[in-house]
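In: give me a model of this one.
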Amino acid sequence: MKIITLNLNGIRSAARKGLFKWMTRTRADVVCVQELKAHDVDLDDIMRAPGKFRGHFYHAEKKGYSGVGLNSPCAPDRVTQGIGNREADCEGRYVRADFGKLSVISVYLPSGSAGALCDAMVALAADSGLRSRLGAAAQQAVDICRADQDVAEWTKAVFGPRAS
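Out: All right, here's what the predicted structure looks like:
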């Protein structure tokens, strides 16, 4: 199984840079995306269903902010948006798709400042129930969690890398 994750830094911008042409060539089973920076009304048909893929998204309430998605050629049995915590869910950071006994999660974790990234991840898990959600799912099925932690270790980790 091939599962890819990437930070789009805006789905419309990524579309102009060739995201969907690239996606159709990946031969991926699931493509997880973070930082949609768009609401559902902003997505066109190609963004919702590029090639053989069908997208399942969870948008932030704030316009032009965060948002996550999963794209797969197979229809999931169930899609879960959010983790059940109003404070966290308004930011559109968690979507899960269940395919039989396999669950794939696309999550966009908040960035921390000056080494606080780890603290932010722990706080989200503890305060929002992410840890318990993952734990319960792990007892029932195989989980794959693809996350964007606002960190790219090499240029291959960034779609359309450019010099800063």
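
In: all strands of the chain, in order?
Out: Counting by DSSP state E, the chain has strands at residues 3-7, 30-34, 54-58, 68-72, 78-81, 94-99, 102-108, 142-148.

In: a markdown table for the ones you listed, including mean pLDDT and distance to I46?
Out: All C-beta atoms are positioned from the backbone trio N, CA, C, and that covers glycine. Below are the strands of the chain laid out as a markdown table (pLDDT from 0 to 100; distance: least, C-beta to C-beta, whole Å):
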| stretch | mean pLDDT | distance to I46 |
| --- | --- | --- |
| strand 3-7 | 91 | 17 |
| strand 30-34 | 94 | 14 |
| strand 54-58 | 96 | 10 |
| strand 68-72 | 95 | 12 |
| strand 78-81 | 94 | 20 |
| strand 94-99 | 91 | 19 |
| strand 102-108 | 87 | 19 |
| strand 142-148 | 51 | 22 |
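
In: of all those strands, which one is nearest D45?
Out: strand 54-58 (10.4 Å; C-beta to C-beta).

In: mind listing the strands the closest one pairs with, and their directions?
Out: Sheet pairing of strand 54-58 (DSSP bridges) gives strand 68-72 (antiparallel).

In: tell me the angle the partner strand makes with strand 94-99.
Out: Angle between the axes of strand 68-72 and strand 94-99 is 20 degrees (criterion: axes from the mean of the first three to the mean of the last three C-alpha atoms, to 10 degrees).

In: let the chain start at 25 from now.
Out: Taking 25 as the first residue, the last one we looked at is strand 92-96.

In: looks like L32 contacts K41 (just checking).
Out: No. Using C-beta atoms under 8 Å, L32 makes no contact with K41, being 9.5 Å away.

In: higher neighbour count, the two?
Out: Each of L32 and K41 has its neighbours counted (other C-beta atoms under 10 Å); L32 has more, 23 against 15.

In: got the contact list for that one?
Out: 38, 43, 57-61, 183 (C-beta atoms under 8 Å, 6 or more residues apart in numbering).

In: how near is I107 to G116?
Out: Note on I107: its distance to G116, by C-beta to C-beta, to the nearest Å, is 11 Å.

In: actually D69, not the one I wrote
Out: D69 is 21 Å from G116, where distance means C-beta to C-beta.
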